[in-house]
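Engineer: kindly generate the corresponding structure for this input.
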Amino acid sequence: MGWQPQQEADVGLNRNFWHIILATGVTGVGDQIALFARIWAALNFGHHGFFVAPTVLAYSLPMVLFMLVGGAVGGRHPLRALILAGLSLAVVTVALGGILPLTPAVLITASFISGVLDSVRSPTGQSLIALAVTPNHLYEANRIRQARFQVTRLLGPVAAGALIGVMGVRHTFLAATVLYLAGSLGLFGAALAQPLTPGRGVDWSAIGRGWRLIRARSEMFWMMIFYGFSNFAWLGPLQVGVPRLVRLIFHSGPTMLGVVNGAFGSGLLLGTLLAGRMGRDVRAIRYMFLFTAASDVALGTSGFQTNSWGIAVAFFASGLLFAPVGPLFSTYVQSRTPPDTMTSVLSFTSLTLQGVQPLSVLASGLFSGFDPRTLFLAAGGIATVADMVGFTWVNKIMGRQVGGTET
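Structural biologist: Below is the predicted model of the structure:
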């Protein structure tokens, strides 16, 4: 049975909510810095930035393999799971910063371990926000969570680029270690407002419950599928192509790469703030794929750019247009999911959105000898077509569910 809020419990976005937002935001900056540092270090090996693709692939593959397991592990004790995974990531980054040699094998291994840990952190971290507030405040909480995430997407790469430029890669990994420790330890004392299924250990049955709930809601299922197609088109080119383009073709340094990556986050942040209370209108989810398609077109224009600043502008515009999608999708899924199945359902949605990443990265790696701008143009076209088909199909399903009338 879903969460039934009591009047006295419906306290809105209280101090506990902001406690969780701040602590996970600190580790989020650590995530961005650590990822940036691994990719920049990988650029130093091989021809045409060959080791960027294997490094990113090593991170994304375990996310696919273990995401559902991660959802089950974190289902009953999301705070504990998030804290332990964050502290484990601190161990990985301190090893890269001061103990292990930064060889391709070490970077790939560290990326794999990080991917395993994030297979727990991804669905658990998303469910944490949904379980910290009552349903009346889901959209507002998700909008703030996305704004927080975009702040990390802006600050993390820019800070990492500056840190590498001034102190080098190893000290940058140590900076990520400090943030992982601070954010993970900062979660102690936080609490969840909504009740979870009582019991100990791992709730393996939640995996089946989550899948049955998704299949029972065909519009949610197809949203996930078409959203996944769009991610397939873009995840590889963005993670493999952008570092190669900035470093190897435009000959810019780590600070410029940080600015380019941060531009997308800053566009998302501004767009999230401008989106206002859009998600409170249930009809707004119908336009999710229109926002995504517009973002695809803007991102595809980066293929026409001739310098890093032009790419940064295109990324900013794309983030601005894409901003409403995250809160709309998250709120729609969470509002239709009972608390005892929340982490499992979000592990399925995360798996669908991230599961295509290894294939996308692999495809981008196979074409690493091509100018990345060609990949951006191709990705923009493929993603736009997928999103327009998704818009038509999902709206057809939702219209059929209510007898073809607007609700």
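Engineer: how about residue 133, secondary structure?
Structural biologist: Local secondary structure at residue 133 is given as coil here, using DSSP: H, G, I helix; E, B strand; the rest coil.
Engineer: quick one, phi/psi of it?
Structural biologist: Dihedral pair for residue 133: phi -130, psi 170, per degrees, to the nearest 10.
Engineer: in space, what's closest to it - neighbours in sequence excluded?
Structural biologist: Leaving aside its sequence neighbours, residue 133 sits nearest to residue 141 (C-beta to C-beta, 6 or more residues apart in numbering; 4.6 Å). In short, each C-beta sits where N, CA and C put it, glycine included.
Engineer: packing partners of the helix or strand the one you found falls within?
Structural biologist: Using DSSP states H and E, residue 141 sits in helix 138-167. Other elements packing on helix 138-167 under the criterion 3 or more C-beta pairs under 8 Å, 6 or more residues apart in numbering; DSSP states H and E are helix 15-42, helix 104-130, helix 169-186, helix 254-275, helix 325-335.
Engineer: can I get those in TSV including mean pLDDT?
Structural biologist: Below are those laid out as TSV (pLDDT from 0 to 100):
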stretch	mean pLDDT
helix 15-42	87
helix 104-130	85
helix 169-186	92
helix 254-275	78
helix 325-335	77
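Engineer: nearest to residue 311, out of the ones you listed?
Structural biologist: Of all the helices and strands packed on helix 138-167, helix 254-275 sits nearest to residue 311, with 5.5 Å by C-beta to C-beta.
Engineer: for the chain, what helix or strand is lowest in average pLDDT?
Structural biologist: Lowest on mean pLDDT, DSSP states H and E among the helices and strands of the chain sits helix 357-366, with a mean of 68.
Engineer: what angle separates the helix holding residue 141 from helix 15-42?
Structural biologist: 40 degrees (axes from the mean of the first three to the mean of the last three C-alpha atoms, to 10 degrees).
Engineer: next, the angle from helix 138-167 to helix 325-335.
Structural biologist: Going by the same axes, to 10 degrees, helix 138-167 makes 130 degrees with helix 325-335.
Engineer: by contact count, what packs against whichever helix or strand comes after the least confident helix or strand of the chain?
Structural biologist: Following helix 357-366 in sequence order, the next helix or strand is helix 372-401 (DSSP H and E). Applying 3+ C-beta pairs under 8 Å, 6+ apart, we find helix 372-401 packed against helix 218-236, helix 288-300.
Engineer: one more time with 10 Å, if that's ok
Structural biologist: If you count contacts as 3 or more C-beta pairs under 10 Å, 6 or more residues apart in numbering; DSSP states H and E, helix 372-401 packs onto helix 218-236, helix 242-244, helix 288-300, helix 308-322, helix 357-366.
Engineer: could you dump those to TSV with mean neighbour count?
Structural biologist: As requested, the helices and strands packed on helix 372-401 are exported to TSV (neighbours: other C-beta atoms under 10 Å):
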stretch	mean neighbour count
helix 218-236	21
helix 242-244	23
helix 288-300	23
helix 308-322	22
helix 357-366	20
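Engineer: let me see the contact set for the residue nearest to residue 36 when sequence neighbours are not counted.
Structural biologist: Using C-beta to C-beta, 6+ apart and skipping the chain neighbours, the partner closest in space to residue 36 is residue 160 (3.7 Å). When contacts are counted by C-beta atoms under 10 Å, 6 or more residues apart in numbering, residue 160 touches 29, 32-37, 39-40, 169, 172-173, 175-176, 254-255, 257-258, 261-262.
Engineer: one more time with 7 Å
Structural biologist: The contact partners of residue 160, taken as C-beta atoms under 7 Å, 6 or more residues apart in numbering, are 32, 33, 36, 37, 172, 258.
Engineer: tell me how many other residues crowd residue 191.
Structural biologist: Look at residue 191: counted by other C-beta atoms under 10 Å, it has 10 neighbours.
Engineer: should've said residue 167
Structural biologist: As a burial measure, residue 167 scores 12 neighbours (other C-beta under 10 Å).
Engineer: now do residue 286
Structural biologist: Applying other C-beta under 10 Å, we find 18 residues neighbouring residue 286.
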